[in-house]
Every structure is written in C-alpha cells, then in structure tokens.
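Undergrad: predicted model and sequence follow; I will ask about them next.
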Amino acid sequence: MALLRAMEGPIVVSGDFVLRGGRVVDPANGIDEVGDVGVSNGVITSTSSLKSPDILDTSGLVVAPGFVDLHVHLRQPGKNDRETIASGTSAAAAGGFTSVLAMPNTSPVADNAGTLEYIRRIADSDGVVNVLTCAAMTKNIEGKEMSSIGGLKRAGVVALSDDGRCVQNHELMRHIMEYSKTFGLPILDHCEDDVLTGDGVAHEGFSSIMLGLRGIPSASEELMVARDIILAEMVEWKVHIQHVSSKNSVRMVRDAQKRGARVTAEATPHHLFLTDELLKSFDSNYKMKPPLMSEDHRVALVEALAEGTISCIATDHAPHTATSKLVEFDYAPFGVVGLETAVPMCLTELYHKGIMPISDIVARFTVGPARVLDLPLGSLSEGRAADITILDLEKKAVVDPDKFLSKSRNTPFAGREVKGGVAATIVNGKMVHGGLTKI
Ligand code: DOR
Ligand code: ZN
C-alpha cells in the first residue's frame with residue numbers, strides 16, 4: 001500500500017484513477033450514496049471507461065465536488081506581507097477549496113485589465129487551486145465612477161464587487177446593475193451605509209454599550225440590502241449579498257426570493273458561529289466587517305442557511321499581519337482569516353450538532369456558489385474538471401494558527417476543538433492537499 005501525498009506542491013495522482021467506496025455527496029445531481037468516482041486526465045469520467053486506473057480508497061470518507069469560496073482576499077498585488085496568491089491558494093487547498101474568487105481590494109485595485117492580467121499570470125504560475133477573478137465595480141473602489149465593465153468582462157472576470165466598501169450613490173448603483181446585466185456579470189455587494197457606520201467598530205447593542213465600543217447599527221447593512229433588492233428587481237438583474245449578518249437582512253432576502261427576485265446571499269463561519277459577546281476579551285481577532293452580531297441575529301443566519309435562503313458559505317478570508325492586529329481594538333484593521341477553518345467549523349457546528357445534513361452543507365459550498373457565478377463548477381457530473389473535496393467527518397483536531405499555510409494568523413477560532421475536516425483536495429485531477437491510500 002502506498003500513501004500518495006502532496007508534499008511538495010501539486011502532484012499528478014495518475015492519468016486515470018478511481019476514488020473507491022466513498023460516500024459520494026453531489027447535491028447538484030441529487031446524489032448521496034456510497035459509490036466510485038472516476039477521473040481521467042483531470043476530468044470526471046465514468047469508471048467503466050477507465051483502463052487500468054489507480055484505485056484510491058475513500059471508504060469511510062465523503063467524496064464531494066470541489067468546494068468554491070466566493071469571498072477570498074488573496075492580497076496580491078500590493079499587500080503581499082499579508083498573503084500572496086501562492087500562500088492564499090495553499091491555504092485554500094488545505095481548507096478543501098478547489099476554487100476561490102479573489103476580491104479586488106488589492107493595491108493597485110483590480111479595476112482594470114492590466115492588473116487583472118497580472119493576477120491571472122501569477123495565478124497561472126503560483127496558484128495551487130483555481131483562482132477566479134472579481135473586479136471592482138467602481139474605479140479604485142471609491143464609489144464615484146463606474147469601472148469599464150465591458151473591458152473587465154473581456155479580461156476574464158466572473159463577477160463585480162467593491163468589497164470592503166459599498167457604493168453609496170444609488171443612481172450609480174443602478175447604472176452599475178444595468179451594465180453588469182448587459183455583460184452578464186453578477187454583482188456581489190458588501191452592504192453598508194457609510195454614514196450609519198461612521199467610525200463604529202462593533203455591532204451596536206448590549207455588548208458595545210457595556211464595553212464602550214463605538215457601535216455600528218444593523219440598519220447600516222439592512223438599508224443597503226433593501227436598496228440592492230429594490231434596484232435588482234427594477235433592473236431585473238441579480239445581486240448577491242456578501243457576508244450577510246443581520247436577521248432583518250435575511251428576512252428581506254427571503255421575501256425577495258419568494259417574489260422571484262434574483263437575490264442570493266452568503267454567510268461566513270464567523271457570523272454563523274460567533275457573537276459579539278466575545279468582544280469582552282477585546283481580542284482584535286473578533287473584529288471584522290460586518291461586525292459579530294448578537295445571538296438573535298446569529299440564530300436567524302443559521303436558520304436561513306439550513307433552509308437555503310442563504311445558499312452559500314463563504315469565508316471572507318481577510319488576512320492581516322500580526323503587528324497590525326496587535327493594537328487596541330479600536331485601531332485594529334477589520335478582517336479575519338477563514339480558509340483553513342471553514343470546513344472543520346461547519347462540520348463541527350452544523351453536521352455534528354445535527355443542524356444540517358451533510359448533503360446540504362456540501363451544497364452551500366458547491367452548487368450554491370456555482371449558481372451565483374453561473375459557472376460549471378460544484379458538481380461531479382461526467383465531463384467536468386476533476387475538482388474534488390474529500391472529507392473525513394470524524395477527524396478530530398484543535399485549530400492551531402501556527403500550522404496555517406496562510407501567511408496570516410488572525411483567526412477567531414484559535415484553540416477550538418473541531419470534529420470533521422478535509423482528507424484530500426483534488427484540483428483538475430491533481431492532489432493538492434492531503435493523502436489517500438492506494439489499493
Ligand atoms: O472584515 C473585513 N475585511 N471586511 C471586509 O469587507 C473587507 C475585509 C478586508 O479586506 O480586510
Ligand atoms: Zn466585505
């Protein structure tokens with residue numbers, strides 16, 4: 001028996017191989033049963049058509065389509081001390097993600113074909129997983145002037161977002177939606193009203209008042225969620241709400257979906273599993289935007305995720321250096337890393353606590369995000385690229401930031417005992433993380 005391991009970057013498992021005897025969970029195709037998955041030259045293939053493939057044992061494991069993270073800050077170009085495309089995609093592979101959507105708030109901002117070409121080239125040379133690009137919808141993410149959306153589409157971007165900031169001018173947002181509809185690009189929006197947020201650092205509520213932290217009212221997000229839904233219905237285009245955090249936002253998304261509006265939403269593990277009560281430690285690894293909310297909001301998010309109103313789990317992986325976070329809470333930058341903890345946290349909190357079945361959790365990491373982007377990702381259909389995430393539901397670990405492949409360690413989950421994790425990650429038929437036993 002040989003143990004195939006990706007020790008030094010991507011290795012070819014073999015031309016042809018079969019993942020044998022795993023629990024195949026492929027929500028896009030309605031499959032949840034023990035079976036085999038065949039791969040030939042990087043493509044999912046029927047096992048019967050393979051001639052003398054390697055056989056890899058996946059018994060006792062879950063074999064799922066490659067996970068897609070719609071919200072990742074890879075920081076390159078310009079902020080390479082926090083993360084690079086190489087380190088961020090290594091972290092993604094370790095976390096079970098085979099595709100990541102890179103946010104554009106780099107330096108320079110990814111609002112032009114040249115910068116996107118640069119990112120594409122680095123991703124092609126250094127990327128361990130698939131890097132999809134998202135361009136800024138306004139120039140320099142200033143919310144003043146629309147980016148050249150047609151040119152960005154030609155440069156290969158699959159979505160638009162000003163993440164980190166939010167276009168405040170509703171007329172401009174309307175025109176951005178009209179242009180993005182013309183070019184078939186989904187808009188992913190970080191919903192925040194700048195005036196209501198002001199210089200707030202925490203969710204406005206009992207905790208912020210008790211701790212003397214400047215509050216951000218949940219209405220800051222909710223107003224922009226309402227604005228986006230109204231404009232999306234008017235323009236008849238789709239909008240995706242990034243890192244939704246408020247119960248009222250969730251209610252508006254649910255109602256809009258019932259009316260047939262093309263509105264989707266993602267939630268992050270930190271908003272699903274943490275609350276602002278933790279801020280009493282004044283640990284800046286609990287500081288992000290939108291801020292951690294109170295328990296009532298958190299519970300509403302989990303319910304909406306379970307019912308499918310929230311169709312995606314996204315990390316908002318936002319690396320920051322240790323020194324930048326090692327300051328008073330007020331002065332620390334917003335953001336936490338998430339690529340290497342999302343899957344273990346979701347398996348621990350959602351699967352093992354009986355809140356969601358494994359097929360629905362897999363769906364939120366696969367077919368949910370694939371539908372937002374309308375890309376052929378997130379399924380194990382024959383002919384698709386062999387992007388496969390293999391889970392070990394029983395694997396126990398303690399979250400240890402020192403073991404992260406990300407350059408940054410700013411996790412709110414340090415020290416957490418988790419049950420369930422990633423056994424192997426396969427991208428285009430190459431094992432880029434983990435190992436399986438060859439039979
Ligand atoms: O916490 C956050 N950090 N939220 C954002 O929207 C942006 C991100 C970042 O870029 O650091
Ligand atoms: Zn954001």
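TA: Okay, I see it. Bear in mind that the values here come from a model prediction, so they are computed numbers and not experimental data. Ligands and ions are numbered 1, 2, ... in the order given.
Undergrad: so which bits of the protein are right by ligand 1?
TA: Within the chain, the positions adjacent to ligand 1 are 73, 105, 163-164, 190, 288-289, 316, 318, 334-335 by Cβ under 6 Å from any ligand atom. Placement of C-beta: from N, CA and C, glycine included.
Undergrad: for ligand 1, what's its nearest residue on the protein.
TA: Proximity to ligand 1, evaluated over the chain using Cβ to the nearest ligand atom, is greatest for Gly335 at 3.0 Å.
Undergrad: ok, now which ones touch that residue?
TA: 73, 287-289, 316, 318-320, 410 (Cβ atoms under 8 Å, 6 or more residues apart in numbering).
Undergrad: which residues touch Arg371?
TA: When contacts are counted by Cβ under 8 Å, 6+ apart, Arg371 touches 264, 311, 378.
Undergrad: in helices only, show me the residues you listed.
TA: Among those, no member falls in helices (DSSP state H).
Undergrad: just the ones of the residues you listed in strands?
TA: Thr264 (DSSP state E).
Undergrad: now, which of the contacts of Arg371 sits nearest ligand 2?
TA: Taking Cβ to the ion as the measure, Thr264 is the one of those closest to ligand 2, at 15.5 Å.
Undergrad: go ahead and list the helix or strand containing His271.
TA: helix 269-273 (DSSP states H and E).
Undergrad: can you give me the strands in the stretch 151-300 of the chain?
TA: Remark: strands assigned in the stretch 151-300 of the chain by DSSP state E, counting those that start in this stretch are 159-160, 187-189, 202-203, 215-216, 239-241, 263-267.
Undergrad: can you redo those strands as a markdown table with mean neighbour count, distance to Ile119 and mean pLDDT?
TA: As requested, the strands of the stretch 151-300 of the chain are exported to a markdown table (neighbours: other Cβ atoms under 10 Å; distance: least, Cβ to Cβ, whole Å; pLDDT from 0 to 100):
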| stretch | mean neighbour count | distance to Ile119 | mean pLDDT |
| --- | --- | --- | --- |
| strand 159-160 | 26 | 14 | 98 |
| strand 187-189 | 26 | 17 | 98 |
| strand 202-203 | 24 | 33 | 98 |
| strand 215-216 | 22 | 31 | 98 |
| strand 239-241 | 28 | 21 | 99 |
| strand 263-267 | 26 | 22 | 99 |
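Undergrad: so can I have TSV of those showing distance to Asp228?
TA: Output for the strands of the stretch 151-300 of the chain, formatted as TSV (distance: least, Cβ to Cβ, whole Å):
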stretch	distance to Asp228
strand 159-160	13
strand 187-189	5
strand 202-203	20
strand 215-216	18
strand 239-241	5
strand 263-267	8
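Undergrad: if we can go back for a sec, show residues contacting the helix holding His271.
TA: 243-245, 288, 290, 292-293, 298, 301-302, 305, 313, 315-316, 336, 338, 341-342, 345-346, 349-350, 412-413.
Undergrad: now, of these, which are buried?
TA: Buried members of the contacts of helix 269-273, scored by 16 or more other Cβ atoms under 10 Å, are 243-245, 288, 290, 292-293, 298, 301-302, 305, 313, 315-316, 336, 338, 341-342, 345-346, 349-350, 412-413.
Undergrad: coming back round to it: report the mean confidence score over the helix holding His271.
TA: For helix 269-273, mean pLDDT rounds to 99.
Undergrad: relative to Ile55, how far out is the residue of the stretch 301-439 of the chain found nearest ligand 2?
TA: For the stretch 301-439 of the chain, the residue closest to ligand 2 is Asp316, as judged by Cβ to the ion, at 6.1 Å. Distance, Asp316 to Ile55, using Cβ to Cβ, to the nearest Å: 39 Å.
Undergrad: where does pLDDT dip in the stretch 1-150 of the chain?
TA: 1-14 (pLDDT under 70).
Undergrad: in the sheet, who's paired with the nearest residue to Leu61 once chain neighbours are set aside?
TA: Closest residue to Leu61 apart from its sequence neighbours, by Cβ to Cβ, 6 or more residues apart in numbering: Gly22 at 4.8 Å. Beta-bridge partners for Gly22, by DSSP bridges, are Gly35.
Undergrad: for ligand 2, give me its nearest residue in the stretch 51-200 of the chain.
TA: Here the residue of the stretch 51-200 of the chain nearest ligand 2 is His190; by Cβ to the ion that distance is 3.5 Å.
Undergrad: contacts only, for that residue.
TA: Contacts of His190 by Cβ under 8 Å, 6+ apart are 161-166, 242-243, 289.
Undergrad: tally of neighbours for the nearest residue to it once chain neighbours are set aside?
TA: In space, His190 comes closest to Asp163 once its chain neighbours are excluded; the distance is 4.5 Å by Cβ to Cβ, 6+ apart. Neighbour count for Asp163, taken as other Cβ atoms under 10 Å: 24.
Undergrad: cool, Met210 as well?
TA: Applying other Cβ under 10 Å, we find 11 residues neighbouring Met210.
Undergrad: per-residue pLDDT, it?
TA: The score at Met210 is 98. That number is its pLDDT.
Undergrad: next, count neighbours for the nearest residue to it once chain neighbours are set aside.
TA: In space, and not counting its chain neighbours, Met210 is closest to Lys280: 7.8 Å by Cβ to Cβ, 6+ apart. Residues within reach of Lys280, counting by other Cβ under 10 Å, total 11.
Undergrad: my guess is Lys280 meets Leu211, correct?
TA: Yes. Because the distance of 6.2 Å satisfies Cβ atoms under 8 Å, Lys280 is recorded as touching Leu211.
Undergrad: from memory Lys51 sits against Asp16, does it?
TA: Yes. Counting by Cβ under 8 Å, Asp16 is a contact partner of Lys51 at 7.1 Å.
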